[in-house]
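*Asks:* coords please:
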Amino acid sequence: MWRFSPRRWPTLAAWILIVLFLCLANWQWQAAQRSAAALAASARSTQAKPTPWVIGQALRPFERVSARGHFITGRDVLLIDLYHHNVMGAQVLTVFVSKKGALWIPVDRGWIPASPLGRTAVHLDQGLPLGRLRITGYASVLPHPGLHLGNGPIPRGWPKPLLFPTHAFLEKIYHHPLTRRALLLDPREPGGFVRHWKPARRIGPGQHFGYAFQWLALALLVFGVWVGLNLHRKSPS
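*Replies:* The predicted structure follows:
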């Protein structure tokens with residue numbers, strides 16, 4: 001015969017841990033579902049018809065958008081020290097002015113090989129369409145570090161090599177307000193370079209599901225230990 005005789009304080013401690021681990025498992029499960037939904041929405045947005053970019057529009061990350069206007073040639077910014085397949089380079093940023101100058105949009109035209117100081121043999125305006133045109137791409141933000149230490153002085157001449165410039169610093173360079181969102185130029189658009197755009201995400205749904213399973217396993221482990229320590233064989237009378 002077995003006798004189950006739980007003690008008060010160990011039982012309280014065990015159930016506090018069990019509830020905590022179950023809450024953490026549920027949190028990671030919900031995060032996994034949100035991550036999966038975000039991936040599905042991003043996949044749909046890449047196939048959706050682009051939304052015209054208008055003033056005051058709140059764009060979702062990686063939303064497919066379009067704009068009409070013209071590029072400002074000869075005034076490019078190089079976002080330096082960015083790698084592609086372990087090769088150092090830079091991403092080319094060119095401002096696109098919408099019709100009647102209502103929007104100045106920083107357009108990321110893709111990656112080129114470049115030195116740490118931004119020197120490159122690539123002709124930046126080669127293939128860039130001139131005049132009035134319509135471009136499509138994906139709403140995004142510019143690359144940024146975990147810790148920003150300042151921008152330093154504005155480099156002379158063009159193109160200007162910059163290391164993770166802030167939005168305000170770019171506006172200072174161009175002497176004009178810029179949209180908060182940048183546009184990642186669609187790979188099918190002319191005038192770009194290496195473009196392999198993907199939605200930014202820190203952790204995928206698979207990792208979230210894995211964490212949820214780990215927290216659930218810990219809850220079951222604590223429950224099993226609690227039962228084992230409080231289950232005793234009853235002595236025969």
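
*Asks:* roughly how far apart are F62 and A139?
*Replies:* As defined by CB to CB, to the nearest Å, F62 lies at a distance of 7 Å from A139. Any C-beta I mention is one placed from the backbone N, CA and C, and that applies to glycine too.

*Asks:* ugh, typo on my part, it should be I16
*Replies:* Using CB to CB, we find I16 at a distance of 44 Å from A139.

*Asks:* So which of the two has more stuff around it?
*Replies:* Just comparing I16 and A139: by other CB atoms under 10 Å the higher neighbour count belongs to A139, 23 against 11.

*Asks:* doesn't the more buried one fall inside a strand?
*Replies:* Yes. Counting by DSSP: H, G, I helix; E, B strand; the rest coil, A139 is located in a strand.

*Asks:* Excluding covalently adjacent residues, which one is nearest to it?
*Replies:* Spatially, and ignoring its direct neighbours in sequence, A139 is nearest to L59 (3.9 Å; CB to CB, 6 or more residues apart in numbering).

*Asks:* try A182
*Replies:* Once flanking residues are discounted, A182 sits nearest to P106: 4.4 Å by CB to CB, 6+ apart.

*Asks:* picking that back up, check what pLDDT the residue nearest to A139 gets.
*Replies:* Residue-level confidence at L59 comes out at 86, pLDDT.

*Asks:* what's the answer for L231, then?
*Replies:* 78.

*Asks:* Please apply the same query to A67.
*Replies:* A67 is assigned 95 on the pLDDT scale.
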